[in-house]
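**Student:** below is the structure, and that's it, no one-letter string:
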Ligand SMILES: [Mg+2]
Ligand SMILES: [Mg+2]
Ligand SMILES: [Mg+2]
């Protein structure tokens, strides 16, 4: 592998053989892959190149699914809410679901596996008080409390794989069978799937890498009666269930399973909701069982002298790359889509792999590569965004996905990717396996998920963000490219592990009130409050963004009001005069523009008397700092991602850590420029993150400085 | 009393005798009054005019206060929150209070009447674990949980009457004694005050009306160490306490009193907080005891052949004009400040009086009547605003307060008041004692206070509004001048009285989540939810404004989500796709401008599928309607007061009541114009509420219409 070749994977198909060959040359690719809906051309099967084959354990075999309907994959669904206005209430189960995707499971005992809940009281309705009318697909409640609202939680078979359905609709695949699913966790299908895989391995000697897409359980993705997406949860476990699995779960944990452990008021125990004990038990159970079965497939792959690669997406549920079991499985690689810096770090830091691979954007799909489209723009933003994170912890390979013939119509794009692949390889050779310089303190991101959902807080699907969470996503995106050592810790860690905050550091707590991210009822726990207060008081830092530590109790909303020096006005203390509104100059604003976008979502935050107000909008605090014992806190109303805010966060971290004096080491005055340092190779780079030239003063490690001007997006390397 | 004379009270003083006489003539005044800081001139004592004398039962006698320090009025205060960072925690009680206003009460048993609370757990600290250090005025906690936060609730003597202090500071009174308070509820002072009052009555034969200012307990008004207001609650009972009173309360209710019943997490059980059972018990107890003692003073007044008038302000706490006991007291009159339409109705609807009197604004105080000031502007707005409400239910008299010599410097103002007094008398003669035409349904305002706080929801002091409550105050202000029959009902009424919703009607629930106004945990009560749902379903209406019925439970925030057709996104259901955002044409928008100000405070409200979205801002619903059985609901994100929004509310009421067909009866197409009808006198008026000319079509009761153009602020009367 020469310096200008390798570490790049490209898609191929039977209709683009010559172009594949020329792009292998141009982009220095050393691996080719098929995609959902494409095939590996025979002509390339004997070439001296690594060949990836996508492998689906759970679909592309409708025969099996049809023969074994009871082992089709299942999902917990909840009906809409229906208010009883009469003696009898009929609840239609499928009215707002897509009947080509989902089919009510009446094979298993509905009285055991379904749950009708009075949502006005929270009580479970006795199963003797309802029946299911198969003809109308309605649950009929015979005995209701009038004007109470009810829901039905029920199991449904996934008769069209949601990803196949999505791809099929997005790419307008005509006349193809809808791919059904089957559940490899269940006994008959497990045996069948393993044998089938053995057979596949034997028949595909030319394949070097089995790219599992993925293992067994699809993340939650549900369509409505108009085939529109109605609910998605990339972290969601609701499609990883079946009576077979749940009976095993019950046996293990020693208590009765309730559908509500998954359904959770209709929130489907999503990443946004503080997890219950039972849901955490279920996660652990699923991870262990999924890991055991993954191991079977991985070992078979290795026995066939192939590599096992996992796609971090689609049916990844239960694999949890940052979980307890994953790193021991011997998986060779994980590949995932790189939407931004966060998702890059999510992939590149997965433990226990030989290598990781990032699929850059855009996918060669018709939604971007249409006549008049501008894939270049997306590619540039994607690369510059990903590069910040690559410079901290690179993936080992990059690649592209989709239909090559679409990309070929955009020669500029083809040329730009050549530059990207060259730059990637050059960068990798300097960065990989070298511990970069980091700030002299740790950054602890504290939420309900901790390490398990490293880099995934607020994430929905790859790099998708909601307007409502834009002000929080920015925090991890900023961190993904900053020279700081980030550790994800959970409230359970704080409760159970005295050593978790064992180094000098700054704790970040980021999110809306009562969500899993800010922590909700964990903040009603005195031990949590006490530990964090003590840690800060002893000389560490805290940065709260949005509604940090929010839990309304005993006259306060932010339970760390004393650390933060701010609280939110809920409407109960309006009659207290609040006099501290004057904006002060502050260290953390140095070099930043006057106008900062700290989001408009979080309002009505006010400061206590001794707090330093830094930025406000009318009578809403956007930015403030506070001293707490030997420690410090910074409050921000939000932190949408941009380079000003990234710098603001970086300066806030140093301020909170009381290390202001040390910030101008490997530092550029211009916030559009960042410096990354690799002491073990005596090298560092200065990077322009924008699409125009930038000039700046750069400070070196000894505090000396020099001026530099960089071209658009330029990365320039130096010896120390 | 001729048509152009009477029903007007003016202030006087010894330095404006001639001017008083000429203004009596010009304004047609039939009563004169002294004010705090003025005296009744001897020259006017024998004139043929009604003379009011302000009477203070609780101050203006520092001798008595000094001789009886244990009967000085007291107030419950709470220290700031202090976090224990060491084995011992010292909490300074007075650090943030004004020591010329308040003095720690150490006369009574502090271990019994104070309370130290661990605000991290909510636990009360055992009194054996703390002491009070008199020299430093600190409570010393000897045994703390480190990094828990603590507060001290304690009693303080009110050594400077807060209103005297406010007037003294506002008017810069120099060299005058600070008036102390004393508590007329306590035995020695009660006897003394009664005798003193008897003596006063004997010595003031020339006085016709005793204007009590007020009775015994000041509303909560606390100043900080810089003599700035720090907390105010016009409905607040925290200054109505003393061990003497509280022991009587304990005896009556049969359970032990806790300071927390008043302090309530530092919220001081304000009007904004859902009242606890204990606080409601305390309110009832105080009302009854205050009423008993009021009766003594009223009877003495009557025995002396004088009238008893109560000022609705200052020391009004416990009198509760809409409470159970007030209407039986034989009080002749209540006078109050008219800040707007709401406060006018608050005064004019008080039951059990011979007459009511409204003090119009501005007060003749130097903050308005300074050189270069514009008192005319305030006077015009005040009059036009008050007039809307006068036309529904007038006060019987109007008047002015303050220092006449200040007003005399503004001859335009003097002339304008002449017009106001003439217009008032003309209007009164047509309106008083005649039931005006109202819409064919009732409007029920549902909150935690109900009738007791009629027209006072969200009120802080007279007509003071917070930016945070602007969107709610507008609702009552709009209602104060609309031809609808308004009834205030409480959640307790809903729970205890099956008949409270006994007519066709529209329920309004208005306010921020968890406040007393929207209702908080009342919405966790299935009976409340069920009753309201049923009432609407059977064909009535519901209008929810802000965060109506909000209580996060079982997957829903607005517990009447099904009635309203909307809910608020708290961050748990972001991954549900929400497709209903298209604005529809709607009956309630007819004749209204495209841009409506529905406030920006309440965001993240989304609509369910069948709901009619009427107005939205980005993905935030501002206005929507829904059908619920035979009934209807309207949701509004807020309703700041203006004439567009007043019309919007009026149309929404008719829509919610399913009476659209009947709205164009006594109706003006132009929303700046309103029509008031008095069937018993066969008369109606058309009123221009603006300061410029307005043209409109006016619809009469039979549906016929005519065109009209009105001068600025004009009111024109017609025979039917
Ligand atoms: Mg104030
Ligand atoms: Mg979506
Ligand atoms: Mg509906």
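**Tutor:** That came through, no problem. Worth saying up front: this structure is predicted, and the values here are computed from it rather than measured. Ligands and ions are numbered 1, 2, ... in the order given.

**Student:** how many neighbouring residues does residue A:229 have?
**Tutor:** Around residue A:229 there are 17 other residues, counting by other CB atoms under 10 Å in any protein chain shown. Yep, even glycine has a C-beta here, placed from its N, CA and C like the rest.

**Student:** what's the answer for residue A:226, then?
**Tutor:** 9.

**Student:** so which strand or helix has residue A:165?
**Tutor:** helix A:162-170 (DSSP states H and E).

**Student:** any idea how chain A splits into domains?
**Tutor:** For chain A, automatic domain parsing gives the domain ranges A:8-60+A:186-229+A:251-257+A:273-431, A:442-662, A:667-719.

**Student:** in chain A, which helix or strand is least confident?
**Tutor:** One helix or strand of chain A scores below all others by mean pLDDT, DSSP states H and E: helix A:162-170, with a mean of 88.

**Student:** show me what counts as buried in that helix.
**Tutor:** The neighbour-count check on helix A:162-170 (16 or more other CB atoms under 10 Å in any protein chain shown) flags A:162, A:163, A:164, A:165, A:166, A:167, A:168 as buried.

**Student:** please compute how far stretch A:217-226 lies from its chain's middle.
**Tutor:** Distance of stretch A:217-226 from the chain centroid (CA atoms, centre = their mean, to the nearest Å) equals 18 Å.

**Student:** for the closest residue to ligand 3 within chain A, list the residues it contacts.
**Tutor:** For chain A, the residue closest to ligand 3 is residue A:83, as judged by CB to the ion, at 10.3 Å. Shown in contact with residue A:83 (CB atoms under 8 Å, 6 or more residues apart in numbering or on different chains): A:147, A:148, A:149, A:150, B:533, B:562.

**Student:** which helix is the longest one in chain A?
**Tutor:** What stands out as the longest helix in chain A, according to DSSP state H, is helix A:277-303.

**Student:** elements contacting that one?
**Tutor:** Helices and strands touching helix A:277-303, by 3 or more CB pairs under 8 Å, 6 or more residues apart in numbering or on different chains; DSSP states H and E, are helix A:187-203, helix A:243-253, helix A:260-263, strand A:307-311.

**Student:** now it against helix A:187-203, angle please.
**Tutor:** Going by axes from the mean of the first three to the mean of the last three CA atoms, to 10 degrees, helix A:277-303 is angled at 30 degrees with respect to helix A:187-203.

**Student:** buried residues, helix A:277-303. List them.
**Tutor:** For helix A:277-303, by 16+ other CB under 10 Å, it's A:278-287, A:289-291, A:293-295, A:297-298, A:300-301.

**Student:** show me where pLDDT drops low in chain A?
**Tutor:** A:1-3, A:461-464 (pLDDT under 70).

**Student:** confirm residue A:445 sits in a strand?
**Tutor:** Yes - counting by DSSP: H, G, I helix; E, B strand; the rest coil, residue A:445 is part of a strand.

**Student:** show me what contacts it?
**Tutor:** A:457, A:476, A:479, A:486, A:487, A:488, A:489, A:508, A:510.

**Student:** mind running it again at 7 Å?
**Tutor:** By CB atoms under 7 Å, 6 or more residues apart in numbering or on different chains, residue A:445 lies in contact with A:457, A:486, A:488, A:508.

**Student:** now do residue A:27
**Tutor:** Counted by CB under 7 Å, 6+ apart, residue A:27 has contacts A:8, A:10, A:417, A:418, A:421.

**Student:** would you turn the residues you listed into CSV with distance to ligand 3 and neighbour count?
**Tutor:** Rendered in CSV, the data for the contacts of residue A:27 read as follows (distance: CB to the ion, whole Å; neighbours: other CB atoms under 10 Å in any protein chain shown):
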residue, distance to ligand 3, neighbour count
A:8, 55, 24
A:10, 52, 24
A:417, 52, 24
A:418, 57, 16
A:421, 56, 24
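
**Student:** narrow those to those in strands?
**Tutor:** In strands, judged by DSSP state E, the following of these are found: A:8, A:10.

**Student:** and the strands in the stretch 101-250 of chain A?
**Tutor:** Ranges of strands in the stretch 101-250 of chain A, per DSSP state E, counting those that start in this stretch, are A:102-104, A:115-118, A:123-124, A:130-133, A:138-141, A:149-158, A:209-212, A:220-223, A:229-233.

**Student:** so what's the nearest residue to residue A:669 once chain neighbours are set aside bridging to?
**Tutor:** Counting by CB to CB, 6 or more residues apart in numbering or on different chains, residue A:697 is the residue found nearest to residue A:669 once chain neighbours are left out, at 4.5 Å. Residue A:697 has these beta-bridge partners by DSSP bridges: residue A:707.

**Student:** what residues does stretch A:393-407 touch?
**Tutor:** Residues contacting stretch A:393-407 (CB under 7 Å, 6+ apart): A:7-13, A:15-16, A:19-20, A:35, A:38, A:344-345, A:347-349, A:355-360, A:363-366, A:369, A:413-414, A:424, A:428, A:431-432.

**Student:** in strands only, show me these.
**Tutor:** Per DSSP E, the contacts of stretch A:393-407 map to strands at A:8, A:9, A:10, A:11, A:355, A:356, A:357, A:358, A:359.

**Student:** what's the neighbour count on the closest residue to the third one other than its chain neighbours?
**Tutor:** The spatially closest residue to residue A:10, leaving aside those adjacent along the chain, is residue A:29, at 4.7 Å (CB to CB, 6+ apart). Neighbours of residue A:29 under the rule other CB under 10 Å: 26.

**Student:** what's near enough to touch residue A:29?
**Tutor:** A:8, A:9, A:10, A:23.

**Student:** enumerate the positions of the host helix or strand of the last one that are buried.
**Tutor:** When elements are defined using DSSP H and E, residue A:23 is found to belong to helix A:17-27. Residues of helix A:17-27 classed as buried by neighbour count (16+ other CB under 10 Å): A:19, A:20, A:21, A:23, A:24, A:27.

**Student:** which member of these is positioned nearest residue A:251?
**Tutor:** residue A:20 (50.9 Å; CB to CB).

**Student:** what about the residue most central in space within chain A, distance to chain B?
**Tutor:** Chain A has residue A:456 as the residue nearest its centroid, 3.4 Å off, counting by CA atoms, centre = their mean. Distance of residue A:456 to chain B, computed by CB to the nearest CB, to the nearest Å: 14 Å.

**Student:** which one is that residue nearest to, not counting chain neighbours?
**Tutor:** Take residue A:456 and drop its neighbours on the chain: the residue closest to it by CB to CB, 6+ apart is residue A:346, 6.0 Å away.

**Student:** what's the neighbour count on the one you found?
**Tutor:** Residues near residue A:346, counting by other CB under 10 Å, number 30.

**Student:** list the contacts of it.
**Tutor:** Applying CB under 7 Å, 6+ apart, the residues near residue A:346 are A:336, A:454, A:455, A:456.
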